[in-house]
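K.L.:
Let me see the structure of the following:
(one chain, ligands or ions: 3)
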Amino acid sequence: MTTTLIKNGTLITADQTLEADILLEEGKITLIGPDLAREGAKIVDAAGKYILPGGIDPHVHLDLAMFDTVSSDDHYTGHKAAAFGGTTTVMDFVEDKDPDLLKNVKALREKAAPKAVIDYSFHINITKFDDRVADQIPDLIQAGVTTLKVFTAYNNRLRLQDGEIFQLMLIAAEQGLLTMLHAENGDVIDILVDEALRAGHTEPIWHAYTRPAWGAVEAVLRGAALAAQADAPLYVVHMNTAGGIDQLAYAREQGLKVMGETCPQYLFFTEEHLKRTDGAKWICSPPMRTELDNKRIWQGLVDNTLQTVGTDHCPFFYDGKKAILYEGKEVLIPGKELGQEDFTKIPNGLPGVEDRMPVLWTEGVVKGHLTPNQFVAYTSTNAAKIFGLYPQKGSLSPGSDADIVIWDPEKKLKYGVEVAHQRTDYNLYEGWELQGYPEKVYLRGECIVDGDEWLGKRGQGQFLMRKPHAEVI
Ligand code: URP
Ligand code: ZN
Ligand code: ZN
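P.N.:
Ligands and ions are numbered 1, 2, ... in the order given. A predicted model of the protein is given here:
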């Protein structure tokens with residue numbers, strides 16, 4: 001194992017900014033302080049650079065089967081892309097296809113383990129609820145899975161009824177687990193989709209028109225009310241509406257244990273993007289809304305109403321009929337073109353795991369909306385706390401995993417698909433001028449990204465067993 005001494009950098013944590021050296025030994029941070037020395041250590045000069053805890057993206061979908069295809073990043077390519085963007089831990093979702101829940105966890109672990117290049121853990125989707133499922137929930141803790149995602153949309157596929165969500169929350173509260181909520185109104189969506197298709201509407205914008213904002217707003221409040229009644233913590237994923245943020249603020253003002261995540265796409269893009277000829281690139285669920293929504297979501301970060309910025313990374317090719325080169329080999333995966341004739345057949349999801357930190361730094365920190373400390377809280381520390389990984393992850397302190405990003409706050413670049421490593425043929429931030437970028441990325445003390453150079457190895461990422469009774473922040 002490499003011993004590395006990073007000297008002369010500025011350490012940024014969620015609540016502190018400190019000029020100090022930092023020593024990485026045996027995969028851990030062992031010392032922080034002025035003028036450190038260690039014989040035999042590799043010395044890295046970080047003068048003028050920031051030292052951040054490795055990013056944690058609590059919401060990615062790798063190798064996820066959807067419609068007649070699969071999300072185009074797997075547990076190697078998605079992890080590699082994450083690392084280049086400064087993220088060293090990702091959380092993916094187990095599907096509950098097999099009635100034996102632990103079998104599903106085991107299967108995804110077996111799929112991910114040989115490919116993983118950064119550390120990872122799993123949430124599980126609970127899309128069916130009966131006594132057998134209820135009985136198995138406590139067993140998930142032994143498997144290190146302590147977070148349960150439920151849906152108020154996708155009727156007859158993923159959705160649970162409100163009473164089922166409530167029952168699950170009661171078990172979650174008793175066991176110290178966290179319920180995660182995809183908040184949209186499935187009934188309204190189904191009716192609007194039927195009407196739209198009958199009227200012959202096929203274009204991408206109908207994805208947004210048929211998933212109205214009010215559905216998300218009422219579903220956030222519904223989730224908060226159920227959580228209040230169950231005295232259970234709740235984490236609302238991918239928050240996309242101003243009204244949803246207002247409901248989150250209200251729930252938190254009432255002292256409820258409700259937390260929220262947004263994603264960069266909901267800060268920067270609107271329904272107008274879905275009206276473009278290449279609008280399918282922006283199709284995800286829930287959809288982007290209006291500039292007013294963008295502004296309110298930003299405000300939710302500025303005033304700490306929200307707790308995390310994840311990505312919901314779930315990329316598809318825009319044109320899956322054309323191969324791209326990935327690590328020198330041609331790759332072709334069906335993508336958004338599947339829905340050319342029908343917006344309901346466009347695979348839902350976007351790339352973003354690599355873009356998240358550089359884009360949020362440029363738009364948030366450089367433009368003066370967020371402090372560097374808030375940036376660390378939103379991209380790393382808060383997720384570690386909420387998901388039971390703190391202080392192993394998300395922290396710059398002796399004893400924590402040496403997941404470190406040396407961040408160059410002055411580096412400027414024109415971003416886009418040619419720069420990024422996400423395995424898809426487009427980038428939402430094409431041509432954006434970014435300032436602030438990872439220079440080196442360490443996973444448990446080993447350098448996996450050095451500038452443009454990739455040093456990560458398949459299989460080196462570890463599965464993280466998460467603990468129950470995590471913090472509610
Ligand atoms: O469009 C999206 N977000 N696809 C992933 C599934 C989800 O609901 O997060
Ligand atoms: Zn979702
Ligand atoms: Zn998702």
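K.L.:
Around ligand 1, pick out the residues from the stretch 101-250 of the chain.
P.N.:
Applying C-beta under 6 Å from any ligand atom, we find that the stretch 101-250 of the chain lies next to ligand 1 at 182, 238. Where you see a C-beta, it was placed from the backbone N, CA and C, and this is true even at glycine.
K.L.:
Report the mean per-residue pLDDT for the top helix by length along the chain.
P.N.:
What stands out as the longest helix in the chain, according to DSSP state H, is helix 213-230. Computed over helix 213-230, the mean pLDDT rounds to 98.
K.L.:
what packs against it?
P.N.:
Helix 213-230 is packed against helix 162-175, strand 178-182, helix 186-198, strand 234-236, helix 242-253, strand 258-262, with contacts defined by 3 or more C-beta pairs under 8 Å, 6 or more residues apart in numbering; DSSP states H and E.
K.L.:
Highest mean neighbour count out of the ones you listed?
P.N.:
strand 234-236 (a mean of 28; mean count of other C-beta atoms under 10 Å).
K.L.:
Neighbouring strands - and their directions - for that strand?
P.N.:
strand 178-182 (parallel), strand 258-262 (parallel) (DSSP bridges).
K.L.:
any chance of those strands in TSV, plus distance to residue 44?
P.N.:
Shown next, in TSV, are the strands paired with strand 234-236 (distance: least, C-beta to C-beta, whole Å):
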stretch	distance to residue 44
strand 178-182	37
strand 258-262	33
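K.L.:
what's the closest of those strands to residue 467?
P.N.:
Within the strands paired with strand 234-236, the stretch nearest residue 467 is strand 178-182; the backing value is 11.1 Å (C-beta to C-beta).
K.L.:
now that closest one and helix 162-175, what's the angle there?
P.N.:
150 degrees (axes from the mean of the first three to the mean of the last three C-alpha atoms, to 10 degrees).
K.L.:
Give me the contacts around strand 178-182.
P.N.:
Outside of strand 178-182, the residues within contact range by C-beta atoms under 8 Å, 6 or more residues apart in numbering are 123, 146-153, 158, 165, 168-169, 172, 219-220, 223, 227, 232-238, 285-286, 386-387, 470.
K.L.:
With just CA atoms, put it into CSV.
P.N.:
Backbone C-alpha positions of strand 178-182 (Å, rounded to 0.1, in the frame of the first residue of the first chain) are rendered in CSV as follows:
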residue,chain,number,x,y,z
LEU,A,178,-34.3,4.9,5.9
THR,A,179,-37.2,5.1,3.4
MET,A,180,-36.4,6.9,0.1
LEU,A,181,-39.2,8.2,-1.9
HIS,A,182,-39.7,8.8,-5.6
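K.L.:
Please determine how far the nearest residue to residue 278 once chain neighbours are set aside is located from residue 249.
P.N.:
Spatial nearest neighbour of residue 278, excluding adjacent residues (C-beta to C-beta, 6 or more residues apart in numbering): residue 318 at 6.6 Å. For residue 318, the distance to residue 249 (C-beta to C-beta, to the nearest Å) stands at 36 Å.
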